[in-house]
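A.B. asks: Sequence plus the predicted model coming up.
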There are 4 protein chains.
Amino acid sequence: MKNGGRTLGVAMIGQGFMGRAHSNAFLQVSRFFDTPYDLKMKIVCGRDKTRLEEMARRWNWDETATDWRAVLERNDVDVVDIATPNNLHAEMAIAAASAGKIVLCEKPLARNLDEATRMAEAASKVPNLVWFNYRRVPAIGLAKRIIDEGRLGEIYHYRANYLQSWGADPHVSGWRFNPADAGSGATGDLLAHLIDTAQMLNGRITRVCATMHTFAPGRRVDDAVLAQSYFANGSVATFEASRYAIGLQNHNSFEIHGSKGMLRFNLEDLNRLHFLDAVAPAHLQGAADILVTGPDHPYASHFWPPGHIIGYEHTFIATLADFLNALAKQDSFHADFRDALEVQKVLDAVERSSEQRAWVSL
Amino acid sequence: MKNGGRTLGVAMIGQGFMGRAHSNAFLQVSRFFDTPYDLKMKIVCGRDKTRLEEMARRWNWDETATDWRAVLERNDVDVVDIATPNNLHAEMAIAAASAGKIVLCEKPLARNLDEATRMAEAASKVPNLVWFNYRRVPAIGLAKRIIDEGRLGEIYHYRANYLQSWGADPHVSGWRFNPADAGSGATGDLLAHLIDTAQMLNGRITRVCATMHTFAPGRRVDDAVLAQSYFANGSVATFEASRYAIGLQNHNSFEIHGSKGMLRFNLEDLNRLHFLDAVAPAHLQGAADILVTGPDHPYASHFWPPGHIIGYEHTFIATLADFLNALAKQDSFHADFRDALEVQKVLDAVERSSEQRAWVSL
Amino acid sequence: MKNGGRTLGVAMIGQGFMGRAHSNAFLQVSRFFDTPYDLKMKIVCGRDKTRLEEMARRWNWDETATDWRAVLERNDVDVVDIATPNNLHAEMAIAAASAGKIVLCEKPLARNLDEATRMAEAASKVPNLVWFNYRRVPAIGLAKRIIDEGRLGEIYHYRANYLQSWGADPHVSGWRFNPADAGSGATGDLLAHLIDTAQMLNGRITRVCATMHTFAPGRRVDDAVLAQSYFANGSVATFEASRYAIGLQNHNSFEIHGSKGMLRFNLEDLNRLHFLDAVAPAHLQGAADILVTGPDHPYASHFWPPGHIIGYEHTFIATLADFLNALAKQDSFHADFRDALEVQKVLDAVERSSEQRAWVSL
Amino acid sequence: MKNGGRTLGVAMIGQGFMGRAHSNAFLQVSRFFDTPYDLKMKIVCGRDKTRLEEMARRWNWDETATDWRAVLERNDVDVVDIATPNNLHAEMAIAAASAGKIVLCEKPLARNLDEATRMAEAASKVPNLVWFNYRRVPAIGLAKRIIDEGRLGEIYHYRANYLQSWGADPHVSGWRFNPADAGSGATGDLLAHLIDTAQMLNGRITRVCATMHTFAPGRRVDDAVLAQSYFANGSVATFEASRYAIGLQNHNSFEIHGSKGMLRFNLEDLNRLHFLDAVAPAHLQGAADILVTGPDHPYASHFWPPGHIIGYEHTFIATLADFLNALAKQDSFHADFRDALEVQKVLDAVERSSEQRAWVSL
C-alpha cells in the first residue's frame, strides 16, 4: 500500500484500441506520478476469450472475464472502466454505478442525449470520469491557464477542426459505421472532443447551426459535420470534424482570438502551443511557438526533461493521475459524466439542427 | 508603340490605398511583362485636389481631375479604372461602359446584387475586369493547375478563412464602416475574395447558411461572417471572414481535401503552396511546402530568380498583364464583371441567410 | 515463458534520469512489441539506498543492490544495463562482459578513446548494445530507408546541430561538468548523438576540424563544439552542439542535401520528417512534411493509430525490442560497442583537432 | 524638383539580373519614399547594344552607351552605379570616384582584398554605397533593433547559412564560374552576404577556419564554403554557403542565441522574424513568429498595409531611399565601401584558411 492510501481493484471492459490506451494508463500512472492509491489490474472483460487472454498477458491484467455483470458483483473490484463501443456505455455505466463502483467511461458518453442523461443521473452517486483525455494535453492545460490568467481578454472567435481521413477508405468497416452501435459518425467520435475542449476553454455553447454530411454511398453515419455556434460569453465559433480530410490523420486543432491575444493548437504537434500576446510591444508581436515541456508547464515535470516530448498515451496517464488525486482529496474532477452530458447536449442540438436545417438553442 | 500594339490611355478614379496599388500596376506591368499595349497614365480622378496632385506626381499620372464624368468624354482615355469606395462603383462603371470605355473595377463589384446585375449587364459590351487580384498569386495559380491536372481527385472539403484584426480598434472609422458606402463589412471586403477564389478553384456554390456578426457596439456593418456551403460538385465548405481575428493581419487561407490530395495556402506566405499527394508512396506522403518561385511556376519567371520572393503588389501587375494580353488576343479574361456577379450572388445569399437564420439556395 | 523464448534476468546500474528511461523500456517493451524473451527486472543497483528503494518500487524492480560487482556473480542475472555517469562505463562494462553477461551501456560509450577501445574489445565476446536510442526515432528510421532506396542520390551536404540551453544556467552542476566523470561536455553528451546518426545515415567520417568552446567562467568541460568534416562518400559536413543555445531545449536536427533530394529532421518534432524529392515534377517540388506515424513507417504500427504521436521514451522501447529480436535470431544489432567505438574515434579526433587548432584525419 | 532638393543624373553599368533589380529601385524609390532628390535615369551602359536598347525601353533609361569611360565625363551624370561582373568593379569604381561621381557598387565589392582596399581608398572621397541590400530587409532591420535594445543580452552563438542549388546543374555556366571574372564562387557570391549581415548584427569577426569545396569536376570556383569563427564580442559562429544545397533556392538564414533571447531569420520568408524572449514568463516562452509588416516595423509603412507582404526587390528600393536621405543630410550610410572592405577581409581570411588548412586571424 503506497503512500498510506488504499488499494483499488480495477476491472476494464473492452479489448480494442481504447482498451490498450487505458491499460497503459493503469500500468504507467504510478511510474510518473505519486498516486494516493495502489491500482490492482484485476480483470479485463470482453467477448473474445482468446484475444482477452493475449491482452491480459500483454498488459498485465490478473484475470479475464466474458460476463461483465458478474464482475460488478466482486468485492475486489472498486473501479469499472468502460472502453467498449458506444452502444454498451449506458447499460454498463448505469449498472456499475448502481453497484457502487467508481465508474470510468470512454467518450462519447452515449449514443444520444437520453442515454447520457440517465447515465449522468446514475453516476452522480459515485466517483466518475469520462475519458476526454485531451484535457490533459499539456498544451491544452497551458491554454486554459493562459485564458484563466486573462491573457486573451474578451473572446471574439473560437475555431476548431478535428480532421482525419481514414473514413475515406471504402473498405473500412466496424461498429463505428453502424448507427445502432455508434449513435453517430464524426459527430460523436470527433466533434465530441472539440466540444468538450471548447466548453472547458471558452464556456457554454448556447446555439448551433450544423450540417452533418455523408460522402460514402450507403453509409449510415455522418462522415463530416460542420457547425456554427455562439458561446454564452458572446463569442462566435466554427467547428468542423471529418473522416474525409485527405492528408490529415489526427488534426485536432483550435484557434482562439480574444481582445488581448490569440491561441493556436494542433494535436498532431501536441507538445506545442502558439500564443500571441497582443499587448506586448508592437514590434515584437508574433505567435510564440511554445514547446510545452518545461518545468512551468502542466504535467511536463512528471515525464522527461525539457524538450523531450511526450505522446498520445501520456494524456491518459495524466488524466488518471488527476482523477486519483481528486478522489483521495474528495475534490471535484473534470471531465466527469456531467461535463460529458453537457457535451452530449451540444451533439444532440447539432443533430437536430442538421435534420431541421435550422438553428437550435441550448 | 511597343510590339506593334496600340496605345491605351488610362484614367483612374480613386486616391486611396487601392489607387496606389493600381497605379503601381500600370507603371510596372511593362517592366516585368511583354505587353501588347503601351499604357499612358493620363488622368487620376478624385475629390481632394491637393492629395490628387501629390498622387499624380508620385505615381506619374499626367493630369488630375475632380470631375470623373468629364473624363469619360475624353477621346484619349481608353481605359477607366475604378478604385473608389463601393457606393460609387455602379454609377461609374455603368457610365464608363456606356461611354464605350474598357472598364476595370475594384472588388467587391457592388454593394448589392441589384447593382452588380446592372453593372454586369452594362459591362457586357466592353472589355472589363474586376480586381480579384488574388487569382494571380502564383501559388493560387499553381493550385488551379494542380486541380486541373486532376491531382486532387474528387473534392470533399473546401475550407477558407480571411482573418484580419484592424476592425477591433474602437477608433477605426471610414467609409468601410458605413453601410451606405460599403454595402457590408467583412462580407464584401473579405468574404468576397474567398468566394471568388473558391468558385475559381472548386466551381459553383449552390447553397449557403451564414451568420454575419458585429462585435463593435453601434457599428452598422458586419465585423465577421461565418458560412457553411455546398458546391455543385458535391463538396462541402466552411468559410469565415473577420476583422476581429486578433493576432492576424491578412490571413487569407484555404484548405482543400480531395480523394487524391490536399492543398493549403495562406496569403501571409503568398510565395508558398502546400500540396499533399495522396497517391504518392505511402511512406513519403506529406504536405510539400512548395516555394512558388521557380521557372515552372505561374508568373515567377517574369519577376526574379527562384527563391527571390515577390509581394502583394505583384498580383496586381500580373492581373493587368493577363488582361492586356487577353485583350490583344480577344480572349476571355477572368475575373470579369460576370465572375464578380457570381460572387455577388453568393454574398447576397449569405446576407439573406444570415437575416433569415436559414439556408438559402442559389 | 512467452513465445517459446526464455527468461532474461536484468540488472540495471544507475538511478538517475537515464535509469528511469531504461526502466520504462524494460517495463514497456513487451506491451508494444512481440518479444522473444520474458524480461525479469531483477535488480536496480546504485549508491543511494533510500532513492534506490523508491526507484525499485516505482519502476517494478524486484531488488536493490549497492554492490554492482556482487550482482555480476548472480546466475539469475543475464543482462547488465549500465546507466551511470560516464566514468564508470568502462570498468562496469568490461567486468560485465568478462562475467559473460549481455551488456547494455548508455552513450557516450566512454570518456575517451582508450576506454572505448578496451570496452569494445571486451564486449566483442557477448551480445551488446549502446543506447544510441535516436536510431529508433521512426523519422530517423524513415530517413535511413529513404537514403537506402537511393532517393537522395549522391550526398553533397550533411549538416547537424544538437542545441540545448540548460548549461547557460550558472547554478547548474553535477557530474556532467566534471571532466574526470564526464570526459567532455557538449562533445560526449550531444555531439556523440549527432555523429552516431550521421555515420548511420551517411557513412564514415574521415577528417574533422573542430572547436570546443567553454562560455562559463571556470567550467572545465566544453559548453559547445563546432566541427567541419568530410565523409568517405565525398560529402562535407558541419556539426554544432551546444548547451548555450538559449531558446532551444532539445533541438537535435539534421539536414542532408543529395543530388536527388533533401531530408530534414528535428528531435523536438520527432514524429515528423521533411523530404524533398528533387526528381518529382518541377512544379510540385517542396519539402514534404511527413507525419511518421503511419502503417508504412518504422515502429509506428506498434504504438498507436496514424496521427497519434509518440514521445522520447518510445525510442528506448523500440531499441530494446530490436535488440531482443536480433538476439533471438543471432542477428547483428546496431548500435553496438563497435559502432560506439567508431563514434568515439570521431570524438577523439574532434578533441585533438580543437587542441591542435588543426584538421585531424581518421 | 521635389522637396527643394536637386536632380541627380544616374548612369548604370550592367545589363543582367542585377541591372534589372537596380533599375527597378531607381524607378520605384520615389513612389514609396519621400526622397530629397529627383533621380534622372540617364544612361544604361553595357556591351550588347541590342539588349541595352531593349533594357532602356523596358526600364525607362533615357540613353544607352557602350563606352562607360565616356559616361564618366558627362556633367549630367552625378551617380554611377556598377552592376557588372566582379572583375570590372575595381576599375570602374576607382575611375568613377576619381571623376568625382557618387559611386554605387554591387557586392561582393571586389575579387580580392587588394582590389577592395584600393576601391575603398578611392571611394573615400565621394559618397558611396555597396548593394548589401539584405540590410534593408525589414526583418533584418528589426533584428538589429532588437539587438540594439539589448533584448538578446550577451551573444553566445551566431549561425548562418546561405543555401542555393542552381550550381548543381552541370550545364550551368557564365562568369560566376570563372575565377578571373568572379574571384571566387559561393564565397564571394553568398558568404559575402552572410558576413556583412553578421558584422552588422554582431560586430567584428576576429578569426576564421574555413573549407572551400568544389563538387563539380573541373570547376575552378568553390561550390560551397564552411567556416567556423569567433567574433570580437566572444561569441562563436558557424557559416555555410553552398550552390549545391539541393532543395533550397535562396535560403539565407541566421540564428543567434544570446543570454536573453534568440533570433531566427530566413530570406525565403523575408517578411518574418522569429524572436524568443528568454526573460518572458517561463510558461510563455517560445519563438514569436513576427510578420514584419506593421507600422512599428522598419520600412513597412512605406509599402502596403499590415500583412500585405513585400518581396526581394523592395530591399533595393529601401537601400536607395536610405542612401539618398543620408546623402541629403550628409549622414554616414552603411553598407559603404569600407563596410564592404571589412567583409572582403573576412573573405580573404576564409580563402587563406581554406588553402592553409588552418585558422587565420583578422
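C.D. replies: Yep, that arrived. It should be emphasised that the depicted structure is a prediction, and the values quoted were computed from it without experimental measurement. Numbers count the residues shown, from 1 in each chain, chains lettered A, B, ... in the order given.
A.B. asks: can you tell me which residues contact the residue nearest the centre of chain A?
C.D. replies: Nearest to the geometric centre of chain A sits residue A:132, at 1.7 Å (CA atoms, centre = their mean). If you count contacts by CB atoms under 8 Å, 6 or more residues apart in numbering or on different chains, residue A:132 has them with A:107, A:193, A:196, A:197, A:319, A:335, A:339, A:340, A:343. For every residue, glycine as well, the C-beta is placed using N, CA and C.
A.B. asks: can you do 7 Å?
C.D. replies: Residue A:132 sits next to A:107, A:193, A:196, A:335 when contact means CB atoms under 7 Å, 6 or more residues apart in numbering or on different chains.
A.B. asks: again, but for residue A:336
C.D. replies: A:128, A:129, A:130.
A.B. asks: In the residues you listed, which residue is surrounded by the most others?
C.D. replies: residue A:130 (33 neighbours; other CB atoms under 10 Å in any protein chain shown).
A.B. asks: Name the nearest residue to that residue, ignoring sequence neighbours.
C.D. replies: residue A:340 (4.0 Å; CB to CB, 6 or more residues apart in numbering or on different chains).
A.B. asks: count of neighbours near that neighbour?
C.D. replies: Going by other CB under 10 Å, the residues that sit close to residue A:340 add up to 29.
A.B. asks: helices or strands up against the helix or strand hosting residue A:351?
C.D. replies: Element membership for residue A:351, per DSSP states H and E: helix A:337-356. Helices and strands touching helix A:337-356, by 3 or more CB pairs under 7 Å, 6 or more residues apart in numbering or on different chains; DSSP states H and E, are helix A:113-123, strand A:128-130, helix A:192-202, strand A:205-213, strand A:360-361.
A.B. asks: Select, out of those, the one closest to residue D:281.
C.D. replies: helix A:192-202 (19.6 Å; CB to CB).
A.B. asks: Between strand A:205-213 and that closest one, find me the angle.
C.D. replies: Put simply, helix A:192-202 runs at 160 degrees to strand A:205-213, going by axes from the mean of the first three to the mean of the last three CA atoms, to 10 degrees.
A.B. asks: Is chain C within reach of helix A:192-202?
C.D. replies: No. Figure legend: helix A:192-202 not in contact with chain C (CB under 7 Å from any CB of the partner chain); closest approach 12.7 Å.
A.B. asks: Give the other helices and strands that that helix contacts.
C.D. replies: Helices and strands touching helix A:192-202, by 3+ CB pairs under 7 Å, 6+ apart, are helix A:138-148, strand A:155-163, strand A:205-213, strand A:236-242, strand A:251-258, helix A:337-356.
A.B. asks: Quick one: closest of the ones you listed to residue D:251.
C.D. replies: Using CB to CB, the nearest of these to residue D:251 is strand A:251-258, at 27.3 Å.
A.B. asks: What mean pLDDT does that closest one get?
C.D. replies: Strand A:251-258 comes out with an average pLDDT of 98.
A.B. asks: cool, stretch A:98-110 as well?
C.D. replies: 97.
A.B. asks: Ok, stretch A:14-25 next?
C.D. replies: Here the average pLDDT along stretch A:14-25 is 95.
A.B. asks: Next one: residue A:109 from residue A:160, what distance?
C.D. replies: As judged by CB to CB, to the nearest Å, residue A:109 and residue A:160 stand 19 Å apart.
A.B. asks: out of the two, which sits in the more crowded spot?
C.D. replies: residue A:109 (37 against 24).
A.B. asks: Contacts only, for the more buried one.
C.D. replies: For residue A:109, counting by CB under 7 Å, 6+ apart, the contacting residues are A:89, A:116, A:119, A:130, A:337, A:340, A:341, A:344.
A.B. asks: cutoff 8 Å now
C.D. replies: Contacts for residue A:109 (CB under 8 Å, 6+ apart) come out as A:89, A:115, A:116, A:119, A:120, A:130, A:337, A:340, A:341, A:343, A:344.
A.B. asks: One more: residue A:335?
C.D. replies: So residue A:335 contacts A:107, A:129, A:130, A:132, A:135, A:196, A:200, A:343 (CB under 8 Å, 6+ apart).
A.B. asks: what do you get for residue A:355?
C.D. replies: No residues are in contact with residue A:355 under the rule CB under 8 Å, 6+ apart.
A.B. asks: so how far is residue B:157 from it?
C.D. replies: Distance of residue A:355 to residue B:157, computed by CB to CB: 21 Å.
A.B. asks: do the same with residue A:150
C.D. replies: 35 Å.
A.B. asks: So between those two, which is more surrounded?
C.D. replies: Neighbour totals were compared for residue A:150 and residue B:157, and residue B:157 leads with 25 against 11 (other CB under 10 Å).
A.B. asks: What are the buried residues along stretch A:113-123?
C.D. replies: Buried residues in stretch A:113-123, counted by 16 or more other CB atoms under 10 Å in any protein chain shown: A:113, A:115, A:116, A:117, A:118, A:119, A:120, A:122, A:123.
A.B. asks: Find the residue closest to the first one in space, skipping its chain neighbours.
C.D. replies: Leaving aside its chain neighbours, residue A:113 sits nearest to residue A:348 (4.0 Å; criterion: CB to CB, 6+ apart).
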